[in-house]
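Chemist: Show me the folded form of this:
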Amino acid sequence: MAMLELNLQKKLLSSSGVMNLDIQLNLGRGELLGLFGDSGAGKTTLLRMLAGLTVPDHGRIVVDGVCWFDSEKKIMVPPQQRSIGFVFQDYALFPNMSVRANLAYALHSKDPHRDALIDQLLNATGLTALQDQLPAQLSGGQQQRVALARALIRKPQLLLLDEPLSALDLTMRLRLQHELQKLHQDFSLTTILVSHDIGEVFKLADKVQVVEQGRVVRSGTPAQVFLQQRLAGQLNLRAQILAIRREEVVFILSLLVGQDIVEIIASQDEIDDVKIGDYISISTKAFSPLIFKSQDYS
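Modeler: Coordinates of the predicted model:
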């Protein structure tokens, strides 16, 4: 039996008008599911419905055999009664509390194992030496580890991660991906991760669902979802246009590809429908690519 079963519908207002979110998923115990898709596709709304922060219009949520939401039976378990750990993109730490106090706040004050649990999480996330610091005294990566530790302190049935690493630089992101992977395994978590980073999904997720306009359009393992969409012998990259300039009869596009800026030549026809800030796909034959080992950030 699946640990999580849901079938949810909700009408949402998006930048392009009304969007009908309609998502079904099953998640096994100990699995990590990646939700992948553009902003505004409904991924964060799905996490908020699981947490009880947003009420679905219709549907059902069952976690470990217990019904958290059922529109027909009018069941709506409040957020504080759901065993959820939620890590937001902006960390959402209490600024006037120390690292240790942020973790303690998430626990029941009468828990007899309170101090031992806090010590365990501080040690697991490498925060023991920083436990008396305030959030403002920490780096972005350290604050994110505090947010993760606070989400795990009550050993939740579900860990929900809403693009938790997107605001970090590449080096810190890769390091925290490794830490998150280890915590997921060490604490036997069942996790849903929202991410725009294909590499992050490949590294962390057991399976992935691609969400477009409120619906799941592809699902499977990361390899099944992403690699089978590629054409053999072609290299396909997603890039953002940073600048466009004309040189004689051609145009030069300055593109952001991952963390690198590259320039390509384009014709008038190719730039007619694009502008600075747009995301584009570029494709090139890659039968004999040159491959060099890069810096290891792990």
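
Chemist: which ones are touching Leu27?
Modeler: 2-4, 33, 190, 192 (Cβ atoms under 8 Å, 6 or more residues apart in numbering). In this view, the C-beta of every residue, glycine as well, is placed from N, C-alpha and C.

Chemist: Give me the phi and psi angles of it.
Modeler: The phi and psi values for Leu27, taken as degrees, to the nearest 10, are phi -130, psi 130.

Chemist: where along the stretch 101-250 of the chain do the strands fall?
Modeler: If DSSP state E, counting those that start in this stretch is used as the criterion, the strands of the stretch 101-250 of the chain fall at 158-162, 191-195, 207-212, 215-220, 234-247, 250-257.

Chemist: Residues in contact with the last one: which ones?
Modeler: Okay, so that is strand 250-257. 237-246, 261-268, 270-271, 280, 282.

Chemist: Those residues, buried ones only, as a PyMOL selection?
Modeler: To isolate the buried ones among the contacts of strand 250-257 in PyMOL, judged by 16 or more other Cβ atoms under 10 Å, type:
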select buried, resi 239+241+266+271+280
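
Chemist: Could you list the domains of this structure?
Modeler: 4-229, 234-285 (automatic domain parsing).

Chemist: Just the helices from the stretch 51-200 of the chain, written as ranges.
Modeler: Under the criterion DSSP state H, counting those that start in this stretch, the stretch 51-200 of the chain contains helices at 99-105, 114-124, 140-152, 170-186, 198-204.

Chemist: List just the one of the strands of the stretch 101-250 of the chain that sits closest to Ile276.
Modeler: Among the strands of the stretch 101-250 of the chain, the nearest to Ile276 by Cβ to Cβ is strand 234-247 (5.4 Å).

Chemist: and the gap between Val262 and Leu253?
Modeler: 9 Å (Cβ to Cβ, to the nearest Å).

Chemist: The residue lying closest to Gln9 once chain neighbours are set aside: what's it in contact with?
Modeler: Closest residue to Gln9 apart from its sequence neighbours, by Cβ to Cβ, 6 or more residues apart in numbering: His58 at 4.4 Å. The neighbourhood of His58, defined by Cβ under 8 Å, 6+ apart, consists of 8-10, 71.

Chemist: same thing but 10 Å
Modeler: His58 makes contact with 7-11, 22, 70-72 under the criterion Cβ atoms under 10 Å, 6 or more residues apart in numbering.

Chemist: Just give me the residue right at the centre of the chain.
Modeler: Centroid-nearest residue in the chain: Val194, 2.6 Å away (criterion: Cα atoms, centre = their mean).

Chemist: That residue against Gln89, yeah?
Modeler: Yes: between Val194 and Gln89 there is a contact under Cβ atoms under 10 Å: 8.8 Å.

Chemist: shared neighbours, these two?
Modeler: Joint contacts of Val194 and Gln89 (Cβ under 10 Å, 6+ apart) are 44, 161-164, 166.

Chemist: Closest one to Gly141 out of those residues, please.
Modeler: Pro164 (11.0 Å).

Chemist: May I have the phi/psi pair for that closest one?
Modeler: According to degrees, to the nearest 10, Pro164 has phi -70, psi -20.

Chemist: ok, it - contacts?
Modeler: 86-91, 144, 147-148, 151, 173, 176-177, 180, 193-195, 200.

Chemist: Now which of these would you call buried?
Modeler: Buried among the contacts of Pro164 (16+ other Cβ under 10 Å): 86-89, 91, 144, 147-148, 151, 173, 176-177, 180, 193-195, 200.

Chemist: what's the helix or strand for Met19?
Modeler: Using DSSP states H and E, Met19 falls within strand 17-27.

Chemist: helix or strand right after that strand?
Modeler: strand 32-36.

Chemist: Tell me which residues of that following strand come out buried.
Modeler: Buried-residue list, strand 32-36, by 16+ other Cβ under 10 Å: 32-36.

Chemist: Farthest pair within the residues you listed?
Modeler: Most distant of these, by Cβ to Cβ, are Leu32 and Phe36, 12.7 Å apart.
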